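[1] below is the sequence, then the predicted model.
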Number of protein chains: 2
Amino acid sequence: MSAPHGPTVGDVSEGELLAHILAELSGASAAVVGPGDDAAVLAAPGERVVVTTDTLVHGPDFRLAWSSGHDLGFKSAAVNLADVAAMGARPTALFVALAMPADTTVAFVTELARGLRAACDLLAPGCAVEGGDLTASDTLTIAVTAVGVLEGRAPVLRSGARPGDVVAVAGSLGAAARGLAVLFDRFRDPDGFPVPVDLGVLDDASRADLVAQLRPEPPVGLGPVAAVAGATAMMDVSDGLLLDATRLADASGVTVDLRGIADGPQLRGGEDHALLAAFPEDAALPEGFRAIGRVRARGTAPVTVDGVPPAGPGGWDPLRDWDAVRG
Amino acid sequence: MSAPHGPTVGDVSEGELLAHILAELSGASAAVVGPGDDAAVLAAPGERVVVTTDTLVHGPDFRLAWSSGHDLGFKSAAVNLADVAAMGARPTALFVALAMPADTTVAFVTELARGLRAACDLLAPGCAVEGGDLTASDTLTIAVTAVGVLEGRAPVLRSGARPGDVVAVAGSLGAAARGLAVLFDRFRDPDGFPVPVDLGVLDDASRADLVAQLRPEPPVGLGPVAAVAGATAMMDVSDGLLLDATRLADASGVTVDLRGIADGPQLRGGEDHALLAAFPEDAALPEGFRAIGRVRARGTAPVTVDGVPPAGPGGWDPLRDWDAVRG
């Protein structure tokens, strides 16, 4: 995952850089009007659209020694696609605001565009990058906005869980956090600075965790499936199951009682972007979801594990917890 | 326009900062589902939406000595609202990804939210911030995505201008560029570094130009008006009339012949976000638009002024032209 060489974005015009990016995205657009005008025009069947935005910033969110351009493109798409899916919607378009230092290579940006496209093709077929913005910055920043369609379904909110509902999850819990630990433990120099990843030195489990951290594959297609199956509440697990289940419980005015979730990464680890949902007791869980608890009437704690409130902090706060020196 | 004091974003949690922001935005949402879930849900009457994104980055796009939080919120909204208007659409929602250093004051962020809201209220009533993202960064970055609705109208593209059309513009040409020159000429120290703006030392004309640079007020409401009046092509003038008219001419396969536009800021200055449109010869120009030329069959030059191709460069390229030292 060493940085590509060759010309930098400071060597080329915005138009030339855009041409490189558009070449990678070519043919993917399904929009009424795709990239190239003042704005894109998207179809909105059912007269409702879902919109969300999420940003990856060099430093708090990624390190270039650890993530390739392809990884970053893939991840920045995946985290937004998961948010669309968590509403029960099908993603149709991404908009990408890329701010980058002048010494960023054109090859890196091309790889990033390829990663965006790969994530759409794998996780949300029919979704494509339909617009964006390029600007100079001292800090590499990838701000992605995703748009999705509900196709006539009602959106699935965080606030709809009812006592008696089954709590279920689709996707991995804890792998991305274990992957982050692999990066910190195995790929830093003695001063704590990141060094390039070498997958070859890892065992299969660590390698899988690392890939889950660098290129998460949330179950985007299961969002609409859960909505059709009657999900009463849904969200994506971006900041850890404990913290996100707390948000769902607070929004719904209930307590979520998790069952058989050991303390550790699967309870507290973020960035998996699994889908957490509540289903009516009598609903058949869609394939891909597994039951991990029940919704109870609101008790003193928003979340319990096997009936007991977990001790300690809940998750990651990007503003308070980031230390630029420690990384 | 000195920086506000008090607690910084590093002193508070993401939830606390979000509460401050949401207090400023309170009551403005017109969405089906506003901020607070994984994604917002927006109405899309006519089953089509328009989406665009544009970013302001500290350094190339603004300086904190020159722009207040309110200015930045206002401008970051205005530039995106203009892009929506340029499609003939009515803006309905903004999504704001804010990446900021830990020493940014909470008061600055609150002012920024107030500026976003003020721009929506003034330029696009009914439009509101419906979602966003907060993250830590070494570089203050404001990435805004705007969504608009066509309400059954066809989008107005850059590519529809036809020979014989009248070329018209709504909004100012050159004021923002003259305002930038005021900043560079009057509000830098002997080493070239920005010093805080004092409006009191300026004459009325310079003050108006400066406000046009810091808080542009593009004619957003005239976008849909132009569409209804039959505009064949439209775009917003973000990089200067010459460069943007060239883009419109190239997209339409025509030559734009401007009349009576003197060389200087009104021909080459960017950031006014005026609306440039072509109308059929027999259409009545909507109030707010003024004729500035005619569309001709494609000649050797995409743009002529009184029949003569202008000499020299066309406009601003944010990647090639930004020099971090000179600012």
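    Sure thing, it's come through.
[2] where does pLDDT dip in the stretch 1-150 of chain A?
    The stretch 1-150 of chain A contains residues with pLDDT under 70 at A:1-4.
[3] hang on, A:Gly223 packs against A:Thr52?
    No: using C-beta atoms under 8 Å, A:Gly223 makes no contact with A:Thr52, being 11.9 Å away. C-beta here means a position set from N, CA and C on the backbone, and glycine is covered the same way.
[4] just checking: what are the partner strands of the helix or strand hosting A:Glu130?
    Using DSSP states H and E, A:Glu130 falls within strand A:128-136. Using DSSP bridges, the strands paired with strand A:128-136 are strand A:90-100 (parallel).
[5] circling back to that earlier point, any common contacting residues for A:Gly223 and A:Thr52?
    Residues touching both A:Gly223 and A:Thr52 (C-beta atoms under 8 Å, 6 or more residues apart in numbering or on different chains) are A:Val84.
[6] quick check, A:Pro45 in a helix?
    No: counting by DSSP: H, G, I helix; E, B strand; the rest coil, A:Pro45 falls outside a helix, being coil.
[7] what's near enough to touch it?
    Neighbouring residues of A:Pro45 by C-beta under 8 Å, 6+ apart: A:149, A:151-152, B:47.
[8] if we can go back for a sec, continuing past the strand holding A:Glu130, what's the next helix or strand?
    Next along the chain after strand A:128-136, taking DSSP H and E as the criterion, comes strand A:141-149.
[9] list the buried residues of that following strand.
    Residues of strand A:141-149 classed as buried: A:141-149 (neighbour count, 16 or more other C-beta atoms under 10 Å in any protein chain shown).
[10] give the other helices and strands that that strand contacts.
    Strand A:141-149 sits against strand A:48-57, helix A:69-85, strand A:90-100, strand B:48-57, strand B:90-100, strand B:141-149, with contacts defined as 3 or more C-beta pairs under 8 Å, 6 or more residues apart in numbering or on different chains; DSSP states H and E.
[11] CSV for the ones you listed, including distance to A:Gly240?
    Listed next are the helices and strands packed on strand A:141-149 as CSV, based on distance: least, C-beta to C-beta, whole Å:
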stretch, distance to A:Gly240
strand A:48-57, 16
helix A:69-85, 14
strand A:90-100, 23
strand B:48-57, 29
strand B:90-100, 22
strand B:141-149, 25
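[12] any idea how far A:Thr145 lies from A:Ala161?
    Counting by C-beta to C-beta, to the nearest Å, the gap from A:Thr145 to A:Ala161 is 27 Å.
[13] also A:Val197?
    With C-beta to C-beta as the criterion, A:Val197 and A:Ala161 are 39 Å apart.
[14] what about those two, which has more around it?
    More crowded of A:Val197 and A:Ala161, by other C-beta atoms under 10 Å in any protein chain shown: A:Ala161, with 27 against 23.
[15] once you drop chain neighbours, what's closest to A:Gly299?
    Nearest non-adjacent residue to A:Gly299, counting by C-beta to C-beta, 6 or more residues apart in numbering or on different chains: A:Thr255, 4.6 Å away.
[16] got the contact list for the one you found?
    Residues near A:Thr255 by C-beta under 8 Å, 6+ apart: A:249, A:295-299, A:301-304.
[17] what's the answer for A:Gly69, then?
    The contact partners of A:Gly69, by C-beta under 8 Å, 6+ apart, come to A:4, A:107-112, A:114-115.
[18] please redo it, this time with the cut-off set to 10 Å
    Applying C-beta atoms under 10 Å, 6 or more residues apart in numbering or on different chains, we find A:Gly69 in contact with A:1, A:3-4, A:104-105, A:107-116, A:140, A:142.
[19] how about it, nearest residue that isn't a chain neighbour?
    A:Glu111 (3.2 Å).
[20] wasn't the residue nearest to A:Gly299 part of a strand?
    Yes: assigned with three-state DSSP, A:Thr255 falls within a strand.
[21] so what sits opposite it in the bridge?
    Taking DSSP bridges as the rule, A:Thr255 bridges to A:Arg296.
[22] how close does it get to A:Arg158?
    Distance, A:Thr255 to A:Arg158, using C-beta to C-beta: 14 Å.
[23] before we move on, what about A:Pro286?
    For A:Pro286, the distance to A:Arg158 (C-beta to C-beta) stands at 19 Å.
[24] so which of these two has more stuff around it?
    Legend: neighbour count by other C-beta under 10 Å for A:Pro286 and A:Arg158, higher for A:Arg158 (22 against 18).
[25] surely that one touches B:Asp37?
    Yes: at 5.5 Å, A:Arg158 and B:Asp37 qualify as touching, with contact defined as C-beta atoms under 10 Å.
[26] quick one: contacts for the residue nearest the centre of chain A?
    Closest residue to the average C-alpha location of chain A: A:Val79 at 1.6 Å, with C-alpha atoms, centre = their mean. If you count contacts by C-beta under 10 Å, 6+ apart, A:Val79 has them with A:52, A:54-56, A:61, A:119, A:144, A:146, A:216, A:218, A:236, A:238, A:271, A:273.
[27] now do the helices in the stretch 201-327 of chain A.
    Along the stretch 201-327 of chain A, counting by DSSP state H, counting those that start in this stretch, helices occupy A:204-214, A:222-228, A:241-252, A:265-268.
[28] tell me which strands and helices the last one is in contact with?
    The criterion is 3 or more C-beta pairs under 10 Å, 6 or more residues apart in numbering or on different chains; DSSP states H and E, and the helices and strands that helix A:265-268 contacts are helix A:175-186, helix A:241-252.
[29] please redo it, this time with the cut-off set to 6 Å
    Judged by 3 or more C-beta pairs under 6 Å, 6 or more residues apart in numbering or on different chains; DSSP states H and E, the packing partners of helix A:265-268 are helix A:241-252.
[30] contacting residues for A:Asp133?
    Counting by C-beta atoms under 6 Å, 6 or more residues apart in numbering or on different chains, A:Asp133 touches A:97, B:53-55.
[31] can you redo those residues as CSV with distance to A:Val129 and neighbour count?
    Shown next, in CSV, are these (distance: C-beta to C-beta, whole Å; neighbours: other C-beta atoms under 10 Å in any protein chain shown):
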residue, distance to A:Val129, neighbour count
A:Ala97, 11, 26
B:Thr53, 11, 25
B:Asp54, 16, 27
B:Thr55, 15, 27
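[32] ramachandran angles for A:Asp306?
    With angles defined as degrees, to the nearest 10, A:Asp306 sits at phi 50, psi 40.
[33] break chain A down into its domains, please.
    Following the assignment in automatic domain parsing, chain A carries domains at A:14-149, A:158-177+A:216-305.
[34] pick the most deeply packed of the ones you listed.
    The highest average neighbour count among those, using mean count of other C-beta atoms under 10 Å in any protein chain shown, belongs to domain A:14-149 at a mean of 23.
[35] and that domain, how far out from the chain middle?
    Offset of domain A:14-149 from its chain centre (C-alpha atoms, centre = their mean, to the nearest Å): 12 Å.
[36] quick check: end-to-end length of it?
    Distance between the two ends of domain A:14-149: 31 Å, counting by C-alpha to C-alpha, to the nearest Å.
[37] how about stretch A:57-74?
    Across stretch A:57-74, the terminal residues are separated by 14 Å (C-alpha to C-alpha).
[38] how much space separates A:Val50 from A:Val167?
    From A:Val50 to A:Val167 the distance is 23 Å (C-beta to C-beta).
[39] OK, contacts around A:Leu42?
    With contact taken as C-beta under 6 Å, 6+ apart, A:Leu42 is in contact with A:31, A:93, B:49.
[40] TSV for those, including distance to A:Leu202?
    As requested, the contacts of A:Leu42 are exported to TSV (distance: C-beta to C-beta, whole Å):
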residue	distance to A:Leu202
A:Ala31	40
A:Ala93	36
B:Val49	44
